[in-house]
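1. Provide a 3D model corresponding to the input given below.
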Amino acid sequence: MMKNFTLLLMLILTSFVSPHVAAHESTQEIQNNCINNIQDAIAWNKVGSKRWATSNLKRLCAGTLNASEPGACFKKVMHGDVNWGRGTQWKWKNALDLCAGTSNAKMTVYCFQGSLSQGNQFARAIKECSTPIMHALTEAPQVNEIAQPGNTSSNNCEADVKSINNDGNVEVRKPDGTVTEYLDGGMKITKPNGESLNAYYFTQAPVAIPPGIPDQAHNSWLNSHSQGLLNILKNLVNYDQAAIDNYMAYEGNTKNIYEVIQLRRKTISLLLP
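-> This next block holds a predicted model:
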C-alpha cells in the first residue's frame, strides 16, 4: 500500500513538470536563474540570514526544471507551516534535502505530508519524496534539448488555467490538456487521453476553530478579512463567474466565520502559482 502510494505521488510530481521549459532554457540557465532567485532573497536559517554558501545553493538548484520551485519549496518548508512530525521548526539541512532539485514545490510538500500520514518517520519521508529518487523512477524531460527553428508551437507559451469545478474543488488545466483536481486529502490527475490517476492521503489537521462566537468588534474585522479573501479568490480565477458560483455553492451558508476564512485560505493556496 505504502509502496504504491509513494510511487504514485512520485509519478504525479514529475508529470507536473512543464515540458515547454526545455524549449527556452538550458540546464545551466535554469540553475543560474534558480540561484539568483534565492541568493539574498530567501533566508537559509530561522535567524534570517539570506547569504547562502555557494555549495548549498548549487545543491538546492541542481537538476530542477523550473527555476522558481526549489526556492519556493525551501521557503515553504523552512519558514512556513509544514509539520515534520514534531512541529514546524525545521533544520535547514533537512529542508534542503527535501527540496533539492524539485521542479514542483507544492507536489514535493504534498508527497512529504502524505508519506508522514502513512506512519513514516520524517527522514524516510524526505528520502521517498526527494527529487533524485523521483527522477530515477520516471522519465523526466531533458532540459538540455533546445527547440529547433520551425519546431516551436504557440502552445509552448500558454499558461496553466486554474478554476473551480462543480464540486467546489480547484482544477488546474495544463496546455497539453492534463487536468489536476485537488480533493480533500488527495488529488486526481486526468491525462488528455482520459486516463486518470488518484492519490489519497490524510494531511495534518488544520488549526483548530476558535470556540464561541466573536463579539461585534471582532466579528466586523473577521468579516472584512473574509471578504478580502473572497476578492483575492475571485481575482485568481480571473473573475470567471461560473468558477465563483461553484465555489460559493461549495462554501454554502451554514459555516461560521472562522470556517469560511479557513476554507477560503485553503482554496486560495491551491489557486496560487
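2. so which elements touch the helix or strand that contains Phe112?
-> Using DSSP states H and E, Phe112 falls within helix 105-117. On a contact count with 3 or more C-beta pairs under 8 Å, 6 or more residues apart in numbering; DSSP states H and E, helix 105-117 meets helix 2-15, helix 69-79, helix 92-99, helix 122-129. C-beta coordinates here come from the backbone N, C-alpha and C atoms, glycine included.
3. using PDB, write down the CA coordinates of it.
-> Extracted in PDB, the C-alpha atoms of helix 105-117 (Å, rounded to 0.1, in the frame of the first residue of the first chain):
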ATOM      1  CA  ALA A 105       7.300  22.800  -4.700                       C
ATOM      2  CA  LYS A 106       3.700  22.100  -4.000                       C
ATOM      3  CA  MET A 107       3.900  18.500  -5.100                       C
ATOM      4  CA  THR A 108       7.100  17.800  -3.100                       C
ATOM      5  CA  VAL A 109       5.400  19.100   0.100                       C
ATOM      6  CA  TYR A 110       2.300  17.100  -0.700                       C
ATOM      7  CA  CYS A 111       4.300  13.900  -1.200                       C
ATOM      8  CA  PHE A 112       6.100  14.500   2.200                       C
ATOM      9  CA  GLN A 113       2.900  15.100   4.100                       C
ATOM     10  CA  GLY A 114       1.300  12.100   2.500                       C
ATOM     11  CA  SER A 115       4.300   9.900   3.500                       C
ATOM     12  CA  LEU A 116       4.100  11.100   7.100                       C
ATOM     13  CA  SER A 117       0.400  10.400   7.200                       C
END
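4. gap between it and the chain center?
-> 9 Å (C-alpha atoms, centre = their mean, to the nearest Å).
5. now swap in stretch 96-114 and tell me
-> 8 Å.
6. what is the end-to-end distance of that stretch?
-> End-to-end distance for stretch 96-114: 19 Å, by C-alpha to C-alpha, to the nearest Å.
7. avg pLDDT for it?
-> Mean per-residue pLDDT for stretch 96-114: 87.
8. do the same with stretch 44-57
-> What stretch 44-57 shows for mean pLDDT is 94.
9. now do the same end-to-end measure for that stretch.
-> With C-alpha to C-alpha, one end of stretch 44-57 sits 10 Å from the other.
10. list the buried ones in it?
-> 44, 52, 57 (16 or more other C-beta atoms under 10 Å).
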